[in-house]
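J.: One predicted model, sequence on top.
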Amino acid sequence: MNSMTMQATARKIKRSFTLAPECVAFVADTRQRRQAGSDSEALDLLLREAMLEVKRQELEAGITAYYDSITDEEMAEEREWAEMAGSSLLLSAEPAGVEL
């Protein structure tokens, strides 16, 4: 076992859960599709994906709440900054010697 695998294994906590048969089948199917080494690894992958999705939704909700809370004047200023940044990004993304 390489040191990276040993470190990852050392940080894990062994737990026992009771799952519905369809959940067990889903984990087993995920293990095969994702070529995970075990049902435990497949379940870990699924949970990490779920955690990332929750964080993405929280971030999206925060951004929505921010833009819902700012004034029209602040929104106009945000748009101006975005336009300036967009132009700057386009210019810096052009290959050397190419002008817009």
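T.: It's in.

J.: From D39, how far out is A82?
T.: According to CB to CB, to the nearest Å, A82 stands 46 Å off from D39. C-beta: built from backbone N, CA, C; applies to glycine.

J.: Of those two, give the one with the bigger neighbour count.
T.: When neighbours are counted by other CB atoms under 10 Å, A82 and D39 differ, and D39 comes out ahead with 14 against 10.

J.: Let's see the pLDDT reported for that one.
T.: The confidence metric pLDDT takes the value 96 at D39.

J.: what do you get for P95?
T.: Taken from the predicted model, the pLDDT recorded for P95 is 60.

J.: Tell me which stretches of the protein form helices.
T.: Secondary structure of the chain (DSSP state H): helices located at 3-11, 21-34, 39-69, 72-93.

J.: Out of these, name the one with the poorest average pLDDT.
T.: Looking at the helices of the chain, the weakest mean confidence is helix 3-11, a mean of 58.
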